[in-house]
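Novice: fold the stuff below for me.
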Amino acid sequence: MEVSPLDTLAGFGLLLVDDHPLFRDSFVMAMRQLANGADLVAVATREQARELLARQADRFDLVLIDYKLPGVNGLVCATELRGQHPEVGFGLISGEDDPQLPQRAREAGLVACLSKAQEMNSLLAALQTLSQGGTAYADFQGTGNTEDPPADFGLTVRQMDVLRLLASGASNKVIAQTLGISPATVKNHLDAIFDKMGVANRLQAVMLARVAVR
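Specialist: Prediction:
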């Protein structure tokens with residue numbers, strides 16, 4: 001389904017805290033295209049988020065924190081930062097298939113628990129609800145589409161392996177080491193993947209991979 005840009009998020013301040021550069025950058029890229037006028041910032045670590053909030057907490061309406069940050073549980077991080085900035089809304093975004101996580105987030109006083117497997121229109125709807133003072137908790141048992149099979153774009157099994165690693169944030173070198181192939185072969189696979197998916201770069205491929213590899 002094509003997602004239309006939303007004007008209702010104009011002026012909405014969102015800070016994303018996620019250590020995966022491809023997901024982080026692609027999320028911001030997509031939201032900047034679809035959420036007209038929203039103020040979107042992304043950082044990689046708890047320390048960066050803490051420093052930014054210490055200076056500009058009034059800039060943000062919502063801070064979304066990856067549940068799996070290096071060295072820290074995202075729920076702990078969100079609870080800690082919420083205690084320091086009670087005027088800001090805090091939520092989790094997770095790639096974990098944990099049906100208990102939304103309830104744990106709610107009990108911790110977080111306003112959101114979103115899934116990285118959600119379609120973009122679902123994420124936009126959740127952000128719209130949050131911008132209006134509501135709450136949004138994904139159904140982690142129902143974030144996939146049970147009626148239609150995931151799109152595979154005609155990719156081979158090895159190309160799907162490469163795409164999964166790409167979507168996880170792996171570099172070409174890491175993909176090559178993981179799959180036991182050369183970096184040149186990884187590049188050839190990526191060129192073929194981009195061509196089959198009809199995308200121009202890694203970021204666009206990762207956004208479509210949210211459908212292809214879930």
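
Novice: every contact and neighbour count from this point should use C-alpha atoms.
Specialist: Noted.

Novice: is residue 45 in contact with residue 21, as I believe?
Specialist: No - with contacts counted by C-alpha atoms under 8 Å, residue 45 stays clear of residue 21, the gap being 11.2 Å.

Novice: domain map for this protein?
Specialist: 13-137, 157-212 (automatic domain parsing).

Novice: helix or strand with the lowest mean pLDDT in the protein?
Specialist: In the chain, no helix or strand scores lower on mean pLDDT, DSSP states H and E than helix 202-212, which sits at a mean of 66.

Novice: can you show me the helices along this structure?
Specialist: Listed in chain order, the helices of the chain (DSSP state H) span 21-34, 46-56, 74-84, 101-107, 120-131, 157-167, 172-179, 183-197, 202-212.

Novice: could you dump those to TSV with mean neighbour count and distance to residue 139?
Specialist: Putting the helices of the chain into TSV (neighbours: other C-alpha atoms under 10 Å; distance: least, C-alpha to C-alpha, whole Å) gives the following:
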stretch	mean neighbour count	distance to residue 139
helix 21-34	18	20
helix 46-56	15	26
helix 74-84	18	17
helix 101-107	17	8
helix 120-131	18	11
helix 157-167	19	22
helix 172-179	16	31
helix 183-197	16	28
helix 202-212	20	16
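
Novice: got a markdown table for those, with distance to residue 95 too?
Specialist: Putting the helices of the chain into a markdown table (distance: least, C-alpha to C-alpha, whole Å) gives the following:
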| stretch | distance to residue 95 |
| --- | --- |
| helix 21-34 | 11 |
| helix 46-56 | 18 |
| helix 74-84 | 12 |
| helix 101-107 | 11 |
| helix 120-131 | 13 |
| helix 157-167 | 11 |
| helix 172-179 | 20 |
| helix 183-197 | 22 |
| helix 202-212 | 10 |
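
Novice: next, the distance between the ends of stretch 166-179.
Specialist: End-to-end span of stretch 166-179 (C-alpha to C-alpha, to the nearest Å): 12 Å.

Novice: out of the helices of the chain, flag the one nearest residue 140.
Specialist: Evaluated with C-alpha to C-alpha, the helices of the chain place helix 101-107 nearest to residue 140, the distance being 7.9 Å.

Novice: show me how far that closest one is from its chain's centre.
Specialist: Averaging C-alpha positions (C-alpha atoms, centre = their mean, to the nearest Å) puts helix 101-107 18 Å from its chain's average.

Novice: just the CA atoms of it, as CSV, please.
Specialist: As requested, the backbone C-alpha atoms of helix 101-107 are provided in CSV (Å, rounded to 0.1, in the frame of the first residue of the first chain):
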residue,chain,number,x,y,z
LEU,A,101,7.5,-6.2,25.7
PRO,A,102,4.6,-3.8,25.1
GLN,A,103,3.1,-4.6,28.5
ARG,A,104,6.5,-4.1,30.1
ALA,A,105,6.9,-0.8,28.4
ARG,A,106,3.4,0.3,29.5
GLU,A,107,4.2,-0.7,33.1
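
Novice: avg pLDDT for that helix?
Specialist: If you average the pLDDT over helix 101-107, you get 94.

Novice: what helices and strands are in contact with it?
Specialist: strand 112-115 (3 or more C-alpha pairs under 8 Å, 6 or more residues apart in numbering; DSSP states H and E).

Novice: other residues contacting the strand it packs on?
Specialist: 90-96, 101-102, 105-106, 123, 130, 135-138, 140, 143 (C-alpha atoms under 8 Å, 6 or more residues apart in numbering).
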